[in-house]
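Trainee: Build the 3D model from these lines:
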Amino acid sequence: MKNFIKRLDHLQICIPTGAEDQARAFYTDLLHLQEIPKPKALQANGGLWYQLPDIQLHIGTENHTPKSKKHPAFEVENLEEIRKYLEEKEVPTKDATAIPNIRRFYVYDPFDNRIEFLEKLDKNQ
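Mentor: A predicted model of the protein is given here:
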């Protein structure tokens, strides 16, 4: 069978039930993501949805789990400027293992979801 997948449509991470206001403080206020309404049929489940340029980030609710490797990775420009901004807001950053032509680091949101920020480099750098 040939590849029938077109693209990644959305990524879901989780927060504890009832923690939407705290999630908005991080994702809306700190990261400046654009929240979009969830479909009415799913609103009773709690959580939040965000629209990024070509993908959605869904934040569902469930029992709290410890830090894991699951994460969204946000491609950005001016990675060091973003890192400085987050650290000024007292969000600890963590270096990520180096890979060719990409600079990156991690943060954890208030619910132990790992968030990766990366900047693709010119192959000549």
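
Trainee: C14: neighbour count?
Mentor: As a burial measure, C14 scores 19 neighbours (other C-beta atoms under 10 Å). No exception for glycine: its C-beta is placed from N, CA and C like everyone else's.

Trainee: That one against F111, yeah?
Mentor: Yes. Using C-beta atoms under 8 Å, C14 is in contact with F111, at 7.2 Å.

Trainee: distance between the ends of stretch 64-74?
Mentor: Separation of the first and last residues of stretch 64-74 by C-alpha to C-alpha, to the nearest Å is 23 Å.

Trainee: hang on, I meant stretch 47-63
Mentor: One end of stretch 47-63 to the other measures 13 Å (C-alpha to C-alpha).

Trainee: Work out the gap between that stretch and the centre of the chain.
Mentor: Chain-centre distance of stretch 47-63: 9 Å, with C-alpha atoms, centre = their mean, to the nearest Å.

Trainee: Could you do stretch 43-53 as well?
Mentor: Chain-centre distance of stretch 43-53: 13 Å, with C-alpha atoms, centre = their mean.

Trainee: Check stretch 93-110 too.
Mentor: How far stretch 93-110 lies from its chain's middle: 12 Å, per C-alpha atoms, centre = their mean.

Trainee: again, but for stretch 28-43
Mentor: Distance, centroid of stretch 28-43 to centroid of chain: 13 Å (C-alpha atoms, centre = their mean).

Trainee: Need the contact partners of that stretch.
Mentor: Under the contact criterion C-beta atoms under 8 Å, 6 or more residues apart in numbering, stretch 28-43 has outside partners 24, 27, 45, 47-52, 56-57, 86, 89, 91.

Trainee: Average pLDDT for the lengthiest helix in the chain, rounded please.
Mentor: If you go by DSSP state H, the chain has its longest helix at helix 79-88. On average, the pLDDT along helix 79-88 is 96.

Trainee: still on that earlier bit, what subset of the contacts of stretch 28-43 is buried?
Mentor: Among the contacts of stretch 28-43, those classed as buried by 16 or more other C-beta atoms under 10 Å are R24, Y27, G47, L48, W49, Y50, L57, L86, V91.

Trainee: Dump these to JSON lines, plus distance to N78.
Mentor: Formatted as JSON lines, the buried ones among the contacts of stretch 28-43 follow (distance: C-beta to C-beta, whole Å):
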{"residue": "R24", "distance to N78": "24"}
{"residue": "Y27", "distance to N78": "20"}
{"residue": "G47", "distance to N78": "30"}
{"residue": "L48", "distance to N78": "26"}
{"residue": "W49", "distance to N78": "26"}
{"residue": "Y50", "distance to N78": "21"}
{"residue": "L57", "distance to N78": "21"}
{"residue": "L86", "distance to N78": "12"}
{"residue": "V91", "distance to N78": "16"}
